[in-house]
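Trainee: Task: produce atomic coordinates for the following.
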Amino acid sequence: MTSRREFTKALAALAAYPPLARWSPRRRTPLGVQLYTVRDSMQRDVEGTLARVRSIGYREVEFAGYFGRTPAQIKAALGSNGLDAPSVHVGLDALTTRFEDTLEAAVQIGHRWLTLAWIDSKDRSADGYDRIADQLNASGALAARSGIRIAYHTHDYVFTPWRDGTVPLHRFMTRLDPHLIDIELDCYWAVVGGSDPRLWFDRFPGRFPMVHVKDAGPAPGFVMADVGAGTMDWRHIFALRHRAGIKHYFIEHDEPVEPWSSITASYRYLSSLNL
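Mentor: Take a look at the predicted model:
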């Protein structure tokens, strides 16, 4: 298993990379937003919220619930606004006991990933991660028949080593079947967990088709910030985007003071990078 010492060595090795030399503006990737950021607006008016998101310039969204709308209504709202929804965040029960309904909705809407958003604290042990990995692998095999993949969205707790030095995410990823399961790496939570997104991009190439993009203020508080307003070096992080396999960037802010100003500012900054 990977230890904190090994990760420290890997981070030092990354310092030798020439990241800006890898930076290329040849192709612009459509930018997305995780709709949890504007959840209050979604609660009031799903269709109006999607229209406003599109007016900012976003072309992709990631759902975190459908707010009482049917799959047919969600698909229609996306279509009328020229939006695509590659992914939806779901709970573990949606990928196990309610999987048939979850998969049917995903197919109807046009999702390409069903993304596990969270692992409960009671399951954050070696045995717990192994059990959930096996469950995701089983669901992934079924989902693949419909052209859909399973993904896992990271939080800070998977980056913080256990007492024996094992990094939970490393154990989890080595158990997940890469032919069926992807990782949506949340760059902010990687930093809060004491890691660096680039380490994971380098060690597990091609495993990260989706990333969450939100910024962090300085240590030790790491206060969440709009993208570009914090301390994270996005040019260096995304210099490894091809190695990581990134295809979708979802901007997010968990608790923005003003959600619309936040996702507008973040969109403008990330657009300037010409991903």
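
Trainee: and the longest helix for this protein?
Mentor: helix 126-144 (DSSP state H).

Trainee: I'd like the average pLDDT over it.
Mentor: Averaged across helix 126-144, the pLDDT comes to 98.

Trainee: Determine the set of other helices and strands touching that helix.
Mentor: Where contact means 3 or more C-beta pairs under 8 Å, 6 or more residues apart in numbering; DSSP states H and E, helix 126-144 is packed against helix 99-109, strand 113-116, strand 149-153, helix 168-175, strand 181-186. Just so you know, the C-beta spots here come from the backbone N, C-alpha and C atoms, and that holds for glycine as well.

Trainee: The first one: which residues count as buried?
Mentor: Along helix 99-109, the positions that meet the burial threshold by neighbour count (16 or more other C-beta atoms under 10 Å) are 99, 102, 103, 105, 106, 109.

Trainee: What sits closest to the first one if chain neighbours are left out?
Mentor: Nearest non-adjacent residue to residue 99, counting by C-beta to C-beta, 6 or more residues apart in numbering: residue 139, 5.6 Å away.

Trainee: For that neighbour, which residues are in contact?
Mentor: When contacts are counted by C-beta atoms under 8 Å, 6 or more residues apart in numbering, residue 139 is found next to 95, 96, 99, 114, 150.

Trainee: quick revisit: so which of the helices and strands packed on helix 126-144 is nearest residue 50?
Mentor: helix 99-109 (12.5 Å; C-beta to C-beta).

Trainee: Would you mind getting the angle between the closest one and strand 149-153?
Mentor: With axes from the mean of the first three to the mean of the last three C-alpha atoms, to 10 degrees applied, the angle from helix 99-109 to strand 149-153 works out at 100 degrees.

Trainee: Can you name every helix or strand that the helix or strand hosting residue 48 contacts?
Mentor: Residue 48 is located in helix 46-56, with elements delineated by DSSP states H and E. Other elements packing on helix 46-56 under the criterion 3+ C-beta pairs under 8 Å, 6+ apart are helix 39-44, helix 71-80, helix 259-272.

Trainee: now the ones you listed in JSON lines, with mean pLDDT, mean neighbour count and distance to residue 247?
Mentor: Formatted as JSON lines, the helices and strands packed on helix 46-56 follow (pLDDT from 0 to 100; neighbours: other C-beta atoms under 10 Å; distance: least, C-beta to C-beta, whole Å):
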{"stretch": "helix 39-44", "mean pLDDT": "98", "mean neighbour count": "15", "distance to residue 247": "24"}
{"stretch": "helix 71-80", "mean pLDDT": "98", "mean neighbour count": "16", "distance to residue 247": "18"}
{"stretch": "helix 259-272", "mean pLDDT": "97", "mean neighbour count": "18", "distance to residue 247": "15"}
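
Trainee: Would you convert those into JSON lines that also reports distance to residue 128?
Mentor: Output for those, formatted as JSON lines (distance: least, C-beta to C-beta, whole Å):
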{"stretch": "helix 39-44", "distance to residue 128": "28"}
{"stretch": "helix 71-80", "distance to residue 128": "31"}
{"stretch": "helix 259-272", "distance to residue 128": "33"}
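
Trainee: that older thread, okay, the residue nearest to residue 99 and residue 153: tell me how far apart.
Mentor: Noted for residue 139: a distance of 15 Å to residue 153, by C-beta to C-beta, to the nearest Å.
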